[in-house]
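**Student:** here is my input, please return the structure:
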Amino acid sequence: VSQANPGLLAKDIRKASRAREVLREIPIRLLVEMMKKAADLYRDATLPMGDGTQSPDDFARQQSASTGLPEHMCKFNMSKNHFVLSNMDKILDCLTRGLPLDILTRGYGEEGRGVVVSYQAQSPVLGLVLPSNSPGVHTLWLPVIPMQVGLILKPGPQEPWTPYRMAAAFFQAGVPKECISIYPGGADMGAEVVARVPRVKIFGSTETVKRYHGNPCVQVHGPGFSKIILGDDCVDDWPKYIDLMADSVALNSGRGCINCSGVWASRHTKEIAAALAEKIGPIPVLPPEDPKAALAPFTVPGQAQAVHATILDKMKEDGVTDMTAKFGPRLVEHERCAYLRPWVIHCDAPERKIANTEYMFPYVTVVQCPQADMLAKIGQTLVCSAITNDKAWSQQLIEATHIDRLNIGPIPTIKLDWLQPHEGNIVDFLF
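**Tutor:** Down below sits the predicted model:
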């Protein structure tokens with residue numbers, strides 16, 4: 001992929017207002033219809049790509065080759081993006097809490113209850129510094145064009161395919177080309193997007209989250225540290241929830257921020273960890289074109305080996321047990337890539353250094369912790385599935401500001417309702 005240099009964006013950003021001007025000339029209801037047309041084009045059509053064309057099968061194969069995701073997972077992520085685009089009218093209704101959409105065009109208007117409100121766009125474009133881990137994250141920016149805000153996309157280094165294919169589908173559906181710009185490049189290009197664009201979504205590490213903490217112009221999406229926690233009233237029934245835990249950890253090859261990376265309980269943790277290891281530890285490495293492939297390799301040279309070495313080092317601490325050791329080596333090296341097979345680690349206390357960690361493969365720590373201490377010890381959590389019927393504890397969980405999305409009951413962390421905002425409401429960020 002040809003690389004853009006930061007000077008291109010510095011020049012182009014002067015005309016960013018043109019994106020919103022052009023989009024405001026198209027009624028939102030028509031843009032929503034374009035999204036529905038783009039959904040089918042994205043999923044089913046042969047579209048322009050670089051100097052040639054790309055069929056849906058080409059897309060899945062190319063995305064698989066650069067990211068490591070098995071081809072059937074690439075196609076599944078296509079269906080997620082298709083669903084969001086096809087239901088854009090319902091999603092916008094939910095994101096705006098039923099606001100008459102022409103208010104976003106005019107900047108003001110009357111709500112249904114007779115109150116005049118103002119919605120001022122904080123930027124004519126939204127900048128996105130995108131990741132390479134899971135193509136499903138692109139659902140977060142799909143509502144932007146129908147809200148009459150342009151897009152500046154800096155693709156992830158291993159996953160340029162979705163932004164390019166989505167843009168091609170948008171253009172064929174009738175979205176003006178002035179409204180979407182794509183700048184492939186390295187870290188300097190990402191930094192330029194953050195520096196130049198008034199509103200930016202960025203995906204990165206814990207260090208990235210800390211760097212932009214408190215900056216109202218930057219919405220940071222970092223590691224999820226998503227968890228399943230079992231209340232004292234339900235923990236004795238833990239065998240009923242093993243399948244739910246295994247799916248939360250391992251589906252989509254454990255790549256997403258909504259995949260579970262921690263299971264916390266006050267007792268039975270060794271048994272839970274052993275049962276989880278029995279369930280996901282034996283999962284084999286299969287070729288990416290195999291429809292049964294459940295694991296994605298690391299395609300960046302040395303990355304899997306570095307993660308493997310880091311985990312082995314952290315497991316040297318007392319009170320930490322590798323529950324998957326008996327199912328063979330976790331690191332499987334091939335000529336052009338390397339796999340990490342599912343890893344289940346037991347911690348006898350939340351103070352263990354490895355207790356609250358997350359990696360880009362099916363990896364989970366099972367942590368023993370008294371229920372009374374869990375809220376103070378679990379740390380920042382994107383999705384928390386709390387298996388409990390304890391009303392008082394449920395209320396404490398509802399009020400916990402370090403939990404972003406809370407499920408009360410036996411719900412997998414990976415189950416999302418697209419009609420609910422995920423990791424912040426994009427309408428509140430842009431207006």
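**Student:** quick one: end-to-end distance for stretch 120-127.
**Tutor:** One end of stretch 120-127 to the other measures 18 Å (Cα to Cα, to the nearest Å).
**Student:** in it, what's buried?
**Tutor:** 121, 123-127 (16 or more other Cβ atoms under 10 Å). In this view, the C-beta of every residue, glycine as well, is placed from N, C-alpha and C.
**Student:** element containing the residue lying farthest from the centre of the chain?
**Tutor:** The centre of the chain is farthest from one residue, residue 114, which by Cα atoms, centre = their mean lies 37.5 Å away. Using DSSP states H and E, residue 114 is not contained in any helix or strand.
**Student:** please report the distance of the residue nearest the centre of the chain from residue 202.
**Tutor:** The centroid of the chain falls nearest to residue 137 when counting by Cα atoms, centre = their mean (4.0 Å). Residue 137 is 11 Å from residue 202, where distance means Cβ to Cβ, to the nearest Å.
**Student:** overlap of the contact sets of those two?
**Tutor:** In terms of Cβ atoms under 8 Å, 6 or more residues apart in numbering, residue 137 and residue 202 are both contacted by the residues residue 221.
**Student:** starting at the chain centroid, how far to the lowest-mean-pLDDT helix or strand in the chain?
**Tutor:** The helix or strand of the chain with the lowest confidence, counting by mean pLDDT, DSSP states H and E, is helix 206-211 at a mean of 82. Offset of helix 206-211 from its chain centre (Cα atoms, centre = their mean, to the nearest Å): 16 Å.
**Student:** and the contacts of that helix?
**Tutor:** 202, 220, 222-223.
**Student:** in strands only, show me the residues you listed.
**Tutor:** The strands, defined by DSSP state E, take in 202, 220 from these.
**Student:** redo the contacts of helix 206-211 as a markdown table? Include neighbour count and pLDDT.
**Tutor:** Listed next are those as a markdown table, based on neighbours: other Cβ atoms under 10 Å; pLDDT from 0 to 100:
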| residue | neighbour count | pLDDT |
| --- | --- | --- |
| 202 | 23 | 91 |
| 220 | 22 | 86 |
| 222 | 21 | 77 |
| 223 | 20 | 84 |
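**Student:** and the contacts of helix 206-211 as a markdown table, adding distance to residue 331?
**Tutor:** A markdown table is the format used below for the contacts of helix 206-211 (distance: Cβ to Cβ, whole Å):
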| residue | distance to residue 331 |
| --- | --- |
| 202 | 30 |
| 220 | 31 |
| 222 | 25 |
| 223 | 21 |
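**Student:** and residue 281, what does it touch?
**Tutor:** When contacts are counted by Cβ under 8 Å, 6+ apart, residue 281 touches 323-324, 326-327, 341-342, 344.
**Student:** quick one: which of those is nearest residue 386?
**Tutor:** Using Cβ to Cβ, residue 344 comes nearest to residue 386 of these, at 20.6 Å.
**Student:** give me the mean pLDDT for whichever helix or strand the closest one is part of.
**Tutor:** Using DSSP H and E, the element containing residue 344 is strand 343-347. Mean pLDDT, computed over strand 343-347, is 97.
**Student:** tell me the pLDDT of residue 138.
**Tutor:** Residue 138 is assigned a pLDDT of 88 by the prediction.
**Student:** circling back: and the least confident helix or strand of the chain, which residues are buried?
**Tutor:** Buried, per 16+ other Cβ under 10 Å, within helix 206-211: residue 208.
**Student:** again, but for stretch 322-331
**Tutor:** Buried-residue list, stretch 322-331, by 16+ other Cβ under 10 Å: 322-324, 327, 330-331.
**Student:** how near is residue 176 to residue 40?
**Tutor:** Noted for residue 176: a distance of 20 Å to residue 40, by Cβ to Cβ.
**Student:** and if you look at residue 148?
**Tutor:** With Cβ to Cβ as the criterion, residue 148 and residue 40 are 22 Å apart.
**Student:** so for the two, which residue has more residues nearby?
**Tutor:** Using other Cβ atoms under 10 Å, the more surrounded residue of residue 148 and residue 40 is residue 148, with 24 against 14.
**Student:** now that one: closest residue in space, sequence neighbours ignored.
**Tutor:** Closest residue to residue 148 apart from its sequence neighbours, by Cβ to Cβ, 6 or more residues apart in numbering: residue 23 at 4.0 Å.
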